[in-house]
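Q: Sequence plus predicted model, see below.
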Amino acid sequence: MFGLVPVWWIFGVFYFGWPVFGALLLIIMITRGGVPLPVGSGVWLIFLALVVVSATQLANLSSLLTFALRLVFYLTALIVCCYVYTMSRERATLTVVLGPLCAFFVALVLLGWLGVLVPRFAMTTPMELLLPGGLAGHPFIRDMVHAEATEFSARSLDPIYRPAAPFAYTNTFGSTYAIMLPAVVACLLLGVRGPARTVLLVALPLSLPPAFLTLNRGMFLSLGVGLVALGLRAAVRGNVKALASTLGVLAIGGVAALVIPIGELIERRVAVSNTNTDRLSLYLEVLRWVERSPLLGFGTPLQVDTVSANAPIGTQGQLWTVLFSHGIPALVCFVGWFLLVLAVCWPARSAAAQWLSIVPLIALVQLPFYGLVNQNLTAAFYATAVALALVERQRGTAGPAPAPALVAAAPALAAAAPVMAGRSPGAGR
């Protein structure tokens, strides 16, 4: 699921295959039994119920596909969270648990460099060829199945190429990068050894050029807030390891900023686009529409001709998507989950746990600006699940048990099914 991302992207199944992997993980957990629910699961289940009920507000059946895709992505995030949380409680070595997420990060770096070196790379994927013409031609579906290395304006004589692969949009690239970076540092702090450590130590500095060239202001803002909070907390608590690692990451980023004229590039992009004006018009339109259906929203974003932006209202930020599509109660639950897990993880003492605990904060900062529904949401739930388990160990309420019949990564899913059916001695705990 996480380790073969470039393969899924090339075949055009990165988006449609994600919930399939989630379903396989769910089958494994049901077969195994005795899987504990992490903190906040009840809040997220209420959110899912509200999303389902909001389907009654859909304007037409053609909106049902996009609605269903968002719903299964929301569900997949919780499934992955439960799976990873269980693994984290029962495995003594958490570097193994973080391995798939780190592999995803390395894939992000490799595909990001593809966008830097071959910015116009694009291809028709096998999935795109298999879809019916009408469905493949739908802009929302085409974005998910067509492989492009960057996002740029084809009409511009001097386009700005912003790395996007394996995602459809560069903003999702930036969002996911900011969410996964703390997990990679945490894995290093937990003592990952051998070739994996070398790969991560090389990938971290190499990740900066493609990340910077996304020109994602929300990425810089959210990661900046997270790192400042991490550094201040480490300084107050006297955690030298956490503080030193934070200063190290900031130093590497500072050196990269001296080489890459990021400020100049952002100014150039803003000068030739109406992104700020378009976003503001969309946000204001959401506030007007939500008065008509405050409890259940409208099921999905809608395309209207009353805004200057060439985008549906209820997009350009997860906060606005949830508010417009599913209503105020759903938004309270969505934001409430992140606030709850942030509060639970905040007392973390170890350096690795402190790094992971800033992931909910980073996600909260991104909510008004970025969509947090696809793989980036799953990545946030993944990292948070490990943070919750680490905090539990710190309190002495949970600890590593004899390794159950759980797999460590998605490539072993098929082989794991018969093992799960047999159960290990500690599986029912």
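A: In hand now; what should we look at?
Q: When you work out contacts or count neighbours from here on, use the C-alpha atoms and nothing else.
A: Will do.
Q: G231 contacts L243, correct?
A: Yes: using CA atoms under 8 Å, G231 is in contact with L243, at 5.4 Å.
Q: Buried residues, the host helix or strand of I252. List them.
A: Assigned by DSSP states H and E, I252 falls within helix 240-259. Using 16 or more other CA atoms under 10 Å as the test for burial, helix 240-259 gives A242, L243, S245, T246, A256.
Q: same check, this time on stretch 124-142
A: For stretch 124-142, burial by neighbour count (16+ other CA under 10 Å) applies to T125, M127, E128, A136, I141, R142.
Q: And the furthest pair within these?
A: Greatest spacing in these, by CA to CA: T125 and I141 (12.5 Å).
Q: what's next to the host helix or strand of L230, contact-wise?
A: Element membership for L230 (DSSP H and E) is helix 217-237. Under the contact criterion CA atoms under 8 Å, 6 or more residues apart in numbering, helix 217-237 has outside partners 174-175, 177-179, 240, 242-243, 246-247, 354-355, 358-359, 361-363, 365-366, 369-370.
Q: again, only using 7 Å
A: Residues from elsewhere that reach helix 217-237, judged by CA atoms under 7 Å, 6 or more residues apart in numbering: 174-175, 178, 242-243, 246, 354-355, 358, 361-362, 365-366, 369.
Q: next one: stretch 315-330
A: The contact list for stretch 315-330, computed with CA under 7 Å, 6+ apart, reads 47, 50-51, 54, 279, 283, 286, 290, 294-301, 314, 331, 367-372.
Q: gap between the two ends of it?
A: 16 Å (CA to CA, to the nearest Å).
Q: what about the helix or strand V185 falls within, distance to the chain center?
A: Using DSSP H and E, V185 maps to helix 170-189. Centroid separation for helix 170-189 versus its chain: 9 Å, with CA atoms, centre = their mean, to the nearest Å.
Q: Can you name every helix or strand that that helix contacts?
A: helix 94-117, helix 217-237, helix 351-357, helix 375-395 (3 or more CA pairs under 7 Å, 6 or more residues apart in numbering; DSSP states H and E).
Q: got the angle for the helix holding I252 vs helix 217-237?
A: Orientation check (axes from the mean of the first three to the mean of the last three CA atoms, to 10 degrees): helix 240-259 against helix 217-237 gives 150 degrees.
Q: got the angle for the helix or strand just after helix 240-259 vs helix 217-237?
A: Proceeding N to C from helix 240-259, the next assigned helix or strand is helix 262-271, under DSSP H and E. Angle of helix 262-271 versus helix 217-237, following the same axes, to 10 degrees, is 140 degrees.
Q: give me the low-pLDDT residue ranges for the chain?
A: Residue ranges of the chain with pLDDT under 70: 271-277, 304-310, 397-429.
Q: Would you mind finding the longest helix in it?
A: Criterion DSSP state H: the longest helix present in the chain is helix 64-90.
Q: Now it: buried residues?
A: Neighbour-count burial for helix 64-90, counted by 16+ other CA under 10 Å, picks out 67, 69, 71-90.
Q: that older thread, reformat the contacts of helix 217-237 as JSON lines; add distance to G17.
A: Listed next are those as JSON lines, based on distance: CA to CA, whole Å:
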{"residue": "G174", "distance to G17": "21"}
{"residue": "S175", "distance to G17": "20"}
{"residue": "A178", "distance to G17": "23"}
{"residue": "A242", "distance to G17": "36"}
{"residue": "L243", "distance to G17": "39"}
{"residue": "T246", "distance to G17": "35"}
{"residue": "Q354", "distance to G17": "32"}
{"residue": "W355", "distance to G17": "30"}
{"residue": "I358", "distance to G17": "28"}
{"residue": "L361", "distance to G17": "28"}
{"residue": "I362", "distance to G17": "26"}
{"residue": "V365", "distance to G17": "28"}
{"residue": "Q366", "distance to G17": "25"}
{"residue": "F369", "distance to G17": "26"}
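Q: and which of those residues is nearest to V184?
A: Here the nearest of the contacts of helix 217-237 to V184, counting by CA to CA, is W355; it sits at 9.3 Å.
Q: Could you find the closest non-adjacent residue to the residue nearest to the spatial centre of the chain?
A: Central residue of the chain (CA atoms, centre = their mean): N376, 1.2 Å from the mean position. Nearest-residue entry for N376: T176, 4.8 Å, with adjacent residues in sequence omitted and distances by CA to CA, 6 or more residues apart in numbering.
Q: same deal with F338?
A: In space, F338 is closest to P360, 5.5 Å off (CA to CA, 6+ apart).
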